[in-house]
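>>> All I have is the shape, not the residue letters:
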Ligand code: CP
């Protein structure tokens, strides 16, 4: 297929073919990452700006490394040291970056729709690195890539997403991607964080953790998004861990080949016990490794690269 998009704003608007094309392209870039010389000249002469107006370890580093592997120049904007703190608007900041010939702007923002807003008036490619509780498209792509690599397929798998669904952009992007690719998605957690309204996205909703994990081929754990919660959603962290955390006992009742996933950052002893996070069933660090290949593919295609290259 011919990739036509210059922006990656979300998974919701992608077709199944586009998602599969991105995953296949990422597989090719993963092979590049296994060579002695890991750098290719695809984005030589292009400039990528990482505009992260929310904290990040994995996504920001991964986009920077991906761009460098593609030979682009990379600028990281530290928002606390930028003119945003002097009252400059996001629009003016972005226009100034474009005036400096930014070709690709990777943005993370606490407001849902911030990347879509920039895409309306900028010529540069806009890549969504997380917008509020809305979408985190490259996280869902790297999660799908990891599942496909480990399980050989996504269709017909039972995928349970367990935790704070309500405030999670990772959950929304995963739901859209996994249902498009034919997985059966179960959402689980406390009723305050997993409302039944999510059933309208084609998912099963349960508040019974034992039922949610029993038949799961993949268990994707999410942390509590305290930074987005405006009121107390459960009595205490200790109670959450006791009721919904993946501990040793619950782990022993999962399928012996169920993958344990987490987008990070993990809160050990809350949504996941340390020995499970570090077990051989956990693919948490492989997700991070795969994120590099996925982001190389996204940058390459949105910057106009062709598959035969
Ligand atoms: N998974 C994820 O988005 O991690 P960061 O917040 O560290 O980028």
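Arrived safely. Remember, predicted model here, so these are calculated numbers, not experimental data. Residues are numbered from 1 along each chain as shown.
>>> quick one: low-confidence parts of the stretch 201-309 of the chain?
Counting by pLDDT under 70, the stretch 201-309 of the chain has low-confidence residues at 229-232, 306-309.
>>> Residue 56 and residue 150: what is the separation?
Taking Cβ to Cβ, to the nearest Å as the measure, residue 56 falls 25 Å from residue 150. For the C-beta atoms, the positions are set from N, CA and C on the backbone; glycine is no exception.
>>> Endpoints of stretch 266-284, how far apart?
Counting by Cα to Cα, to the nearest Å, you get 9 Å between the two ends of stretch 266-284.
>>> In the stretch 101-250 of the chain, which residue sits nearest the ligand?
Proximity of the stretch 101-250 of the chain to the ligand (Cβ to the nearest ligand atom) peaks at residue 139, 5.3 Å away.
>>> for whichever helix or strand that residue is part of, packing partners?
Residue 139 belongs to helix 137-151 when assigned by DSSP states H and E. Contacts defined by 3 or more Cβ pairs under 8 Å, 6 or more residues apart in numbering; DSSP states H and E place helix 137-151 against helix 16-33, helix 58-69, strand 125-131, helix 169-180, strand 218-221, strand 259-261, helix 284-302.
>>> For the residue in the stretch 151-300 of the chain that the ligand sits nearest to, which non-adjacent residue is spatially closest?
Closest contact between the stretch 151-300 of the chain and the ligand, by Cβ to the nearest ligand atom, is at residue 263 (3.8 Å). Excluding the flanking residues, the one nearest residue 263 by Cβ to Cβ, 6 or more residues apart in numbering is residue 170, at 4.8 Å.
>>> Please report phi then psi for residue 8.
phi -120, psi 100 (degrees, to the nearest 10).
>>> so it makes contact with residue 129?
No. Checked against Cβ atoms under 8 Å, the pair residue 8 and residue 129 is beyond contact range at 9.5 Å.
>>> Identify the contacts common to the two.
residue 138 (Cβ atoms under 8 Å, 6 or more residues apart in numbering).
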